[in-house]
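Enquirer: sequence and predicted structure are below.
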Amino acid sequence: RPLNPFILYRRERHACLIKQNPDLKNNDISTYVGKLWLNEPEFVKALYQQRSNEEKRMHQLRYPDYKFNPR
């Protein structure tokens, strides 16, 4: 399943935060990154939206018959 803009952002920020603060718990990182995301300017969010759109496009090419089927 292709990643949405926030998940792409979180993945990058998570790696940086872990390097700087190896003792942080996942819940604390998620809360912190969520606040960062909310305060990012629209142009930053637009960059992640573009990356997400590209992931969706590539996913459709690789898996043309894919349909998300939640449990």
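Expert: In hand now; what should we look at?
Enquirer: C-alpha from now on. contacts and neighbour counts both.
Expert: Fine.
Enquirer: would you mark the buried spots in the longest helix seen in the chain?
Expert: In the chain, with assignment by DSSP state H, the single longest helix is helix 42-62. For helix 42-62, a neighbour-count test (16 or more other CA atoms under 10 Å) marks Lys45, Tyr48, Gln49, Arg51, Ser52, Asn53, Glu55, Lys56 as buried.
Enquirer: now the two most distant members of those residues.
Expert: Lys45 and Lys56 (16.3 Å; CA to CA).
Enquirer: can you get me a residue count around the nearest residue in space to Glu55 that is not next to it in sequence?
Expert: With CA to CA, 6 or more residues apart in numbering as the criterion, Glu55 has its nearest non-adjacent residue at 5.7 Å, and that residue is Pro2. By the criterion of other CA atoms under 10 Å, Pro2 has 15 neighbours.
Enquirer: cool, and Asn27?
Expert: Counted with other CA under 10 Å, residues neighbouring Asn27 total 9.
Enquirer: other SSEs contacting the helix or strand harbouring it?
Expert: If you go by DSSP states H and E, Asn27 is part of helix 26-39. Packed against helix 26-39 by the contact rule (3 or more CA pairs under 8 Å, 6 or more residues apart in numbering; DSSP states H and E) you find helix 5-20.
Enquirer: from the chain's centre, how far out does the helix it packs on sit?
Expert: A distance of 8 Å separates the centroid of the chain from that of helix 5-20, by CA atoms, centre = their mean, to the nearest Å.
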